[in-house]
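*Asks:* Fold the following for me, if possible:
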Amino acid sequence: MVKSNCNKLIEGEILESTKNLPIKLALDIGTTKICAIITAPDIKNKSIQVLGIGIAESEGLNRGVVVNIDRTVKAIKKAVEKAEQQSGLTTNKVIVGIAGDHIQSSQSHHIISVSHPQKEITKEEVDRLIYEASHIPISLERKILHLFPQEYIIDGQDGVIDPIGMSGVRMEAKIHVVTGMATAIDNIYKCVQRAGFEVEDLILEPLASSYAVLNDDEKEVGVALIDIGGGTTDIAIFIDNIIKHTDVIALGGNILTDDVRRVLNIVKSEGERIKREYGHCYINTLHKDDILQIPGIAGRSPKEIRRSDLTMVLQARMTEIFGFVNTALLNSGYKDKLGAGVVITGGTTLLPGIDDLAMEILQLPVKMGIPNKISSQGLAPEVESPIFATGVGLALYGFRNYFNDDNTALIFTNESTKKDDLINNKQDSQTKEADAQQSQIEEETQKQPEQEKEKEKEKEAKPKKEQKEKSNKNIIKEIKKIFDQF
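*Replies:* Okay, here's the model as predicted:
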């Protein structure tokens, strides 16, 4: 059915309309699946046309981190080949998502002098400030992924969102810095390159998902995006259309499958099937308590369990995950500022009852995040699922500058900028006099306490991981108690 629809796309009006438009290949490299989506912009409707979709099972990642290069490369090739075959189009550049429990974030503060003769702040001045921020001292094991300016301060006047065009002699910025393990980042690049492609952009996955499932009103009044994938649960908080906080929890849908597998003593593939076909994670909304028959291993007699017991297994684990999410929201300091509540997305959110459970634990309004901004002319129905939130978001991110809406001019203040572009802008705009002023001002700022705070955060992260491992064991014990009755 999909193939015949695709043939119509290739021979018909959609392919004709995309001849003079750029093509973007989005690559969501996840723990359970690798998804490739080939898209073109629908500029008139400020959306994207989905021309090809390819999915391959991911066997080379663990909690978002590459652990087997060869298997990951094969899966990338397989997914892209399917997308290319369906669309009839090819490209050698890809926009790639990255996640994993190695992702960390911190806040930093930076200051420069304005070198423009008329003391007017230009884009080059802002680029120079971001460039300086990209050189904050971090450990050699980490690399900067994104720099998100929170606000600018011009000559002591704070609360400035877009400083371009303003007059001033001194510009400061509070910046949210997102970093990842250098080896994890390098391995993503290595896998993509060995598959025969070039990385056009590497984007934090919850940021990408936000482009697909959040609207501007939600980002303005305050919203937390919870992306529950196979290996991790990613959190991104937006307020005033600015990403304020990011966090990663090293638990995802795969651990639910492991719970089912362990308590029923079945293979992983069968545990995944049972979870998808019969899974429910909130006992209060389970209306029919069927008796499920589980095939025995190697000819053994089948087992029978009630669906309510399976629900209690899944609910126990999801309760733990949402408990960690609630703690992360409280620790961020923004939970009471989330006027739009929480948007949950990702493949795990397809479990029935998950929104009700999230609402009970988080005590916030909860909405299911379905990808939007997709043109009806393409393969829209195929990607209107939380499973494709990151893939669609990556494509929308790639085309963000093609949609000339009100936010386009402000995109720079909300997102990271490529390092090479920043270097070039710095060389063009920064004079020797400005360099001298910059070094003098940098000496005045107090960076040492911030560096110490970052080290303290890294030390704090270790006990948290140990606590999660202990919590996992406790959850398994509780789950097994349910089945001791059988």
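*Asks:* from here on, contacts and neighbour counts on C-alpha atoms
*Replies:* Will do.
*Asks:* Span of stretch 362-382 from start to end?
*Replies:* End-to-end distance of stretch 362-382 (CA to CA, to the nearest Å): 31 Å.
*Asks:* all numbers from here: first residue = 16
*Replies:* All set: I'll call the first residue 16, so the last point we hit is now stretch 377-397.
*Asks:* Okay, buried residues for it please.
*Replies:* 377, 379-390, 393-395 (16 or more other CA atoms under 10 Å).
*Asks:* what does that stretch contact?
*Replies:* Contacts to stretch 377-397, defined as CA atoms under 8 Å, 6 or more residues apart in numbering, come from residues 24, 29, 57, 60-67, 227-229, 337-338, 340-341, 355-360, 364, 370-371, 373-374, 398-401, 403-404, 407-408.
*Asks:* Could you tell me which of those residues are located in strands?
*Replies:* Among the contacts of stretch 377-397, the members falling in strands (DSSP state E) are 57, 62-67, 357-360.
*Asks:* would TSV of those with neighbour count, distance to Lys89 and pLDDT be doable?
*Replies:* Shown next, in TSV, are these (neighbours: other CA atoms under 10 Å; distance: CA to CA, whole Å; pLDDT from 0 to 100):
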residue	neighbour count	distance to Lys89	pLDDT
Asp57	24	31	85
Ser62	21	31	87
Ile63	26	27	91
Gln64	23	27	91
Val65	28	23	93
Leu66	26	22	93
Gly67	26	19	94
Val357	26	36	98
Val358	21	33	98
Ile359	23	30	97
Thr360	30	27	97
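*Asks:* out of these, who's nearest Ser121?
*Replies:* Val357 (22.1 Å; CA to CA).
*Asks:* Can you name the residues bridging to the closest one?
*Replies:* Ala239, Val381 (DSSP bridges).
*Asks:* To what extent is Thr364 buried, counted in neighbours?
*Replies:* By other CA atoms under 10 Å, the residues close to Thr364 number 21.
*Asks:* roughly how far apart are it and Glu140?
*Replies:* The value you get for Thr364 to Glu140, if CA to CA is used, is 43 Å.
*Asks:* same check, this time on Ile200
*Replies:* Ile200 sits 29 Å away from Glu140, going by CA to CA.
*Asks:* now do Ile312
*Replies:* Counting by CA to CA, the gap from Ile312 to Glu140 is 66 Å.
*Asks:* Looking at those two, which is more packed in?
*Replies:* The neighbour comparison of Ile312 against Glu140 (other CA under 10 Å) goes to Glu140, with 23 against 11.
*Asks:* Please read off the pLDDT at that one from the model.
*Replies:* Listed pLDDT for Glu140 reads 91.
*Asks:* Settle this for me: it is touching Pro132, isn't it.
*Replies:* No - using CA atoms under 8 Å, Glu140 makes no contact with Pro132, being 11.9 Å away.
*Asks:* if we can go back for a sec, and of the buried residues of stretch 377-397, the nearest to Asn83?
*Replies:* Pro386 (30.1 Å).
*Asks:* Select from the buried residues of stretch 377-397 every entry located in helices.
*Replies:* 377, 395 (DSSP state H).
*Asks:* Which two of the buried residues of stretch 377-397 have the greatest separation?
*Replies:* Across the buried residues of stretch 377-397 (CA to CA), the longest gap, 36.5 Å, separates Leu377 and Gly393.
*Asks:* pLDDT averaged over stretch 339-351, what's the number?
*Replies:* Averaged across stretch 339-351, pLDDT comes to 96.
*Asks:* Could you do stretch 90-102 as well?
*Replies:* Averaging pLDDT along stretch 90-102 yields 95.
*Asks:* and what of stretch 143-163?
*Replies:* 91.
*Asks:* Also stretch 42-56?
*Replies:* For stretch 42-56, mean pLDDT is 94.
*Asks:* Straight-line length of that stretch, end to end?
*Replies:* 17 Å.
*Asks:* can you check stretch 310-328 too?
*Replies:* Stretch 310-328: ends 19 Å apart by CA to CA.
*Asks:* next one: stretch 378-391
*Replies:* For stretch 378-391, the end-to-end distance is 35 Å (CA to CA).
*Asks:* and it, average pLDDT?
*Replies:* Mean per-residue pLDDT for stretch 378-391: 91.
*Asks:* ok now it, how far from the chain's centre?
*Replies:* 15 Å (CA atoms, centre = their mean, to the nearest Å).
*Asks:* Mind telling me what element the closest residue to Ile298 other than its chain neighbours is part of?
*Replies:* Spatial nearest neighbour of Ile298, chain neighbours left out: Thr326 (6.2 Å); criterion: CA to CA, 6 or more residues apart in numbering. Per DSSP states H and E, Thr326 falls inside helix 322-347.
*Asks:* packing partners for that helix?
*Replies:* In terms of contacts (3 or more CA pairs under 8 Å, 6 or more residues apart in numbering; DSSP states H and E), helix 322-347 is packed against strand 257-264, helix 268-279, helix 369-377, helix 463-498.
*Asks:* out of the ones in strands among the contacts of stretch 377-397, which one sits closest to Pro178?
*Replies:* Nearest to Pro178 out of the ones in strands among the contacts of stretch 377-397 is Ser62 (CA to CA; 28.7 Å).
*Asks:* what sits against the closest one?
*Replies:* 56, 388-390, 411 are the contacts of Ser62 under CA under 8 Å, 6+ apart.
*Asks:* remind me which residues of the stretch 216-365 of the chain are low pLDDT?
*Replies:* Of all residues in the stretch 216-365 of the chain, none has pLDDT under 70.
*Asks:* rerun at 90
*Replies:* For the stretch 216-365 of the chain, the stretches with pLDDT under 90 are 280, 302-303, 305, 307-320.
*Asks:* And the next helix or strand past whichever strand or helix holds Tyr146?
*Replies:* Using DSSP H and E, Tyr146 sits within helix 138-148. Sequence order places strand 157-169 as the next helix or strand after helix 138-148, per DSSP H and E.
*Asks:* same for that next one, what does it pack against?
*Replies:* Here strand 157-169 touches strand 172-175, strand 185-196, helix 197-209, strand 213-219, strand 257-264, helix 426-429, going by 3+ CA pairs under 8 Å, 6+ apart.
*Asks:* Let's see that with 7 Å instead.
*Replies:* strand 172-175, strand 185-196, strand 257-264, helix 426-429 (3 or more CA pairs under 7 Å, 6 or more residues apart in numbering; DSSP states H and E).
*Asks:* Direction included, what does the third one pair up with?
*Replies:* As defined by DSSP bridges, the strand partners of strand 257-264 come to strand 248-254 (antiparallel).
*Asks:* cool, the first one as well?
*Replies:* The sheet places strand 172-175 alongside strand 157-169 (antiparallel), with pairing taken from DSSP bridges.
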